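Peer 1: Sequence and predicted structure are below.
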Amino acid sequence: MGSPHNRSGPSDPIRPLDQARALDPSFYLGQAAHEFDQQHILAPNWQIVGPAALVASAGDHIVREIGGKPVLIVRNAQGKLNGFYNVCRHRAGPIALCDGKGAKRLRCAYHGWIYDLDGRLKVTPQMDAARDFDIGGISLAPIEVAEWCGLVFARAGAGGPAFDDFIADIAPFCAPDHIARMRYSHSRTYPVAANWKVYADNYLEGYHVPVVHNGLNALIDYANYTIECAHWASVQRSPMDDAALYGVGEARYVLLYPNSMLNILPGRMQTNRIIATGPDSCEVEFAYYYLPGEEDRAGQDDAFSTEVQDEDAMICERVQKGLGSGAYTPGRLSPAQESALWHFHNLLRRAYGADRT
């Protein structure tokens, strides 16, 4: 399948930051763009799919979608984490409908075919009369999974970087030993009526913070906001000085291409994953983590995050309408505040084949 955006390649070259423009609006609009993103950007690239705490013991499993593909991740009896498409080999029924704990086996929710925790087919009810039917070589289709610092990553396709290369790229931004001490608290999901890339774009710059987020702007030191980019990641840093809410220290906002984020704050962390649900809709999965002794901040963190997310959803939804209005042509980027956005857009341009001059 070719990129639906190849026609606009010559008008969307990769330029130096001080000459850069935003992406063409066609990248954010229509079913063809959505399907291309799902198949060629979101499915084959690593993303955070949940806390390792949710799959800590044998039989624990989580059900997710990656690039629109249903997936299942389960811990086996030997402690290995396995990933599969959540698709039965009989007639494509779901193996699991929701997250679960301590399953001894995996039983399809449609016709009851049973697989072990390594995905091997073991029981097929009422199939005795099926001639030459041998279940010995039948298993669930696998996907790649990895664990890092208490987080589960997965992808459901080929073509992205090896996990070790991907995670090595972000480790300097993240203080892995610090993250590994965090303990999972709870999760929330926020719907946004905008293309997934609109939300990612918004995350990747603090330029809008003084205008859109009065509460957040009061916590960070916008005058000392800095940005760094690596191959697969970028980080925005800001000093923080609010002992009552976020404490004293540094905020780090790390985007892991294409759709995962780590918000690393004094004593706590939030992970985000953007799920593309349509050409002009997405959901953002939040998971909250705390250092031991910091868990009592969860309530106020949740309330403050919801306030910020409501503000982001409002502005992203209006940007989506602006992109579809026919009145917008790509504007220039701020070299001081939008270098992480420029970096992200250039990774997308390469994926779309739209970096040809």
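Peer 2: Good, I have the coordinates.

Peer 1: tell me the contacts of the nearest residue to His90 once chain neighbours are set aside?
Peer 2: Take His90 and drop its neighbours on the chain: the residue closest to it by C-beta to C-beta, 6 or more residues apart in numbering is Trp113, 5.1 Å away. For the C-beta atoms, the positions are set from N, CA and C on the backbone; glycine is no exception. For Trp113, the contact set (C-beta atoms under 8 Å, 6 or more residues apart in numbering) comprises Cys88, Arg89, His90, Arg107, Leu121, Val123, Thr124, Pro125.

Peer 1: where's Trp113 relative to Arg64, distance?
Peer 2: Note on Trp113: its distance to Arg64, by C-beta to C-beta, to the nearest Å, is 21 Å.

Peer 1: Return the set of buried residues in the helix or strand where Glu250 lies.
Peer 2: Assigned by DSSP states H and E, Glu250 belongs to strand 247-256. Neighbour-count burial for strand 247-256, counted by 16 or more other C-beta atoms under 10 Å, picks out Gly247, Ala251, Arg252, Tyr253, Val254, Leu255, Leu256.

Peer 1: just the strands in the stretch 151-300 of the chain please.
Peer 2: Ranges of strands in the stretch 151-300 of the chain, per DSSP state E, counting those that start in this stretch, are 151-155, 183-192, 226-229, 233-242, 247-256, 260-265, 268-278, 281-290.

Peer 1: isn't Arg273 right up against Val284?
Peer 2: Yes - under the criterion of C-beta atoms under 8 Å, Arg273 lies in contact with Val284, with a separation of 7.2 Å.

Peer 1: the more surrounded of the two?
Peer 2: Val284 (23 against 20; other C-beta atoms under 10 Å).

Peer 1: Report the contact partners of that one.
Peer 2: Val284 touches Thr189, Tyr190, Val192, Tyr199, Asn272, Arg273, Ile274, Ile275, Gln309, counting by C-beta under 8 Å, 6+ apart.

Peer 1: Which strands or helices does the longest helix seen in the chain pack on?
Peer 2: Longest helix in the chain, counting residues (DSSP state H): helix 298-323. Contacts defined by 3 or more C-beta pairs under 8 Å, 6 or more residues apart in numbering; DSSP states H and E place helix 298-323 against strand 183-192, helix 196-203, helix 209-212, helix 214-217, strand 268-278, strand 281-290.

Peer 1: any chance of those in CSV, plus mean pLDDT and distance to Val74?
Peer 2: Below are the helices and strands packed on helix 298-323 laid out as CSV (pLDDT from 0 to 100; distance: least, C-beta to C-beta, whole Å):
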stretch, mean pLDDT, distance to Val74
strand 183-192, 97, 18
helix 196-203, 98, 27
helix 209-212, 95, 40
helix 214-217, 91, 38
strand 268-278, 97, 19
strand 281-290, 97, 19
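
Peer 1: what would those look like in JSON lines with distance to Ala130?
Peer 2: JSON lines is the format used below for the helices and strands packed on helix 298-323 (distance: least, C-beta to C-beta, whole Å):
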{"stretch": "strand 183-192", "distance to Ala130": "41"}
{"stretch": "helix 196-203", "distance to Ala130": "43"}
{"stretch": "helix 209-212", "distance to Ala130": "60"}
{"stretch": "helix 214-217", "distance to Ala130": "61"}
{"stretch": "strand 268-278", "distance to Ala130": "38"}
{"stretch": "strand 281-290", "distance to Ala130": "40"}
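
Peer 1: which stretch among the ones you listed comes nearest Ala43?
Peer 2: Of all the helices and strands packed on helix 298-323, the one in closest proximity to Ala43, counting by C-beta to C-beta, is strand 268-278 (10.3 Å).

Peer 1: got the angle for that closest one vs helix 298-323?
Peer 2: With axes from the mean of the first three to the mean of the last three C-alpha atoms, to 10 degrees applied, the angle from strand 268-278 to helix 298-323 works out at 30 degrees.

Peer 1: now the angle from strand 268-278 to helix 196-203?
Peer 2: Put simply, strand 268-278 runs at 150 degrees to helix 196-203, going by the same axes, to 10 degrees.

Peer 1: and after the longest helix of the chain, which helix or strand comes next?
Peer 2: Past helix 298-323, heading to the C-terminal end, the next element that is a helix or strand (DSSP H and E) is helix 339-352.

Peer 1: from the chain's centre, how far out does that next one sit?
Peer 2: 16 Å (C-alpha atoms, centre = their mean, to the nearest Å).

Peer 1: Residues contacting it, please?
Peer 2: For helix 339-352, using C-beta under 8 Å, 6+ apart, the contacting residues are 3, 5-6, 9, 12-14, 17, 20, 22-23, 27, 36, 40-41, 197, 200-201, 204-205, 227, 229, 232, 234-236, 255, 257-258, 333, 355.

Peer 1: how about it: buried residues?
Peer 2: Under 16+ other C-beta under 10 Å, the buried positions of helix 339-352 are 339-349, 351-352.

Peer 1: For this structure, which residues score under the pLDDT cut-off?
Peer 2: Within the chain, the set of residues satisfying pLDDT under 70 comprises 1-11, 242-247, 354-357.
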